[in-house]
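>>> requesting a structural model of the entry that follows:
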Amino acid sequence: VIKFNIKNTPVRIVLPEKTLKETKKLLIYIHGGGWVFNNVDIYEAFLKKMARETDMAILGIDYRKAPEHPYPAAFDDCLKVVNFLLHKEALPKSLENQPALQKVFKFIDTNQMIIGGDSAGGNLASAITTYLRDNPPKHDKGIYAQFLIYPALHYITRNITAFPSYVNPGSSCYFVDQYNGQDMWNAYAGPNQKKLLAHPDPYFEPWMVKSVKGLPPTLMLLATFDPLASEGREYLQRLKDASIPTKLIEKPTYHGFARNYKGQDINRALQQFCQEHDPTTKH
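A predicted model of the protein is given here:
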């Protein structure tokens, strides 16, 4: 595990058991927590397991949190890190004496980068791919796939009964329900809440994007008993209708389960999905 800062945002890279020269793939992971809670420290064991089971390097981002730092702070932090990686900017001088980190950046192929995240992190990952679709990098192909884990896509304050799983009693759990979910969305919106409701911003609320065409292949992991399950299924269907390759994994459990999941099947499916859609491989 290597800890450092990119553009003043704390990040850490977890290396796979294979060498980077063999894998070349990097998954940029954005943790969940309602834009308010959690950090990369809490997710380190999860990221290590993912690196071990997918043979990819994983980079976790410790973005700024609401309510002290409302939108677009978290989005801006994540975008700065992603752009740094896509353009392979020079390492800060303070990190030039870290040979392990230099090797990481030497072998990473910017055409073999994936982005993922859970809950609020899934929101940010989806927002980043939407932004890159709208503002493509000049010299790189950008993110080639996304891994969305029960992403928060629809601003629940807009309509608290918009999706069946919002109002299904079986979907509430101690992590999130439609009420504390609304509180976290509002904290993320901050003083711009009325503006974001009146003028939808797809980088804040990816559900409101007018067209999903051009977004990357998407693997989605959902929990059946989760207030966010319905919007995840419907968003994935929008991608399928636009002829974007998709795969759904749904587990009969609750929101927040992924970080403590013991099985290997999800990460193996992620590895296979990334291999199938790798733009550097002829299929």
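>>> surely Gln98 and Val104 touch.
No. Assessed by CB atoms under 8 Å, Gln98 is found out of contact with Val104, at 9.2 Å. C-beta coordinates here come from the backbone N, C-alpha and C atoms, glycine included.
>>> more crowded one of those two?
Using other CB atoms under 10 Å as the criterion, Gln98 and Val104 rank with Val104 on top: 19 against 13.
>>> ok, the more buried one - contacts?
Taking CB atoms under 8 Å, 6 or more residues apart in numbering as the criterion, Val104 is in contact with Ile2, Ile13, Leu15, Leu20, Ala57.
>>> so among the residues you listed, where is pLDDT lowest?
By pLDDT, Leu20 ranks lowest within the contacts of Val104, coming in at 58.
>>> give me the low-pLDDT residue ranges for the stretch 1-150 of the chain?
The stretch 1-150 of the chain contains residues with pLDDT under 70 at 18-23, 89-96, 100, 103, 139-141.
>>> do the same with the stretch 151-283 of the chain
Applying pLDDT under 70 to the stretch 151-283 of the chain picks out residues 169-179, 282-283.
>>> can you give me the helices in it?
Remark: helices assigned in the stretch 151-283 of the chain by DSSP state H, counting those that start in this stretch are 164-167, 178-189, 193-198, 229-241, 265-276.
>>> wait, which of those is closest to Arg133?
Checking the helices of the stretch 151-283 of the chain against Arg133 by CB to CB gives helix 229-241 as the closest, at 12.0 Å.
>>> buried residues in that closest one?
Neighbour-count burial for helix 229-241 flags Ala229, Ser230, Glu231, Gly232, Arg233, Tyr235, Leu236, Arg238, Leu239 (criterion: 16 or more other CB atoms under 10 Å).
>>> repeat for stretch 44-51
Quick answer for stretch 44-51 (16+ other CB under 10 Å): Glu44, Phe46, Leu47, Lys49, Met50, Ala51.
>>> pull the CA atoms of that stretch into CSV?
Taking Å, rounded to 0.1, in the frame of the first residue of the first chain, the C-alpha atoms of stretch 44-51 are listed here in CSV:
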residue,chain,number,x,y,z
GLU,A,44,-8.3,-0.5,2.9
ALA,A,45,-9.1,-4.1,3.6
PHE,A,46,-11.8,-4.1,1.0
LEU,A,47,-9.4,-2.6,-1.6
LYS,A,48,-6.7,-5.1,-0.7
LYS,A,49,-9.2,-8.0,-1.3
MET,A,50,-10.2,-6.4,-4.6
ALA,A,51,-6.6,-6.1,-5.8
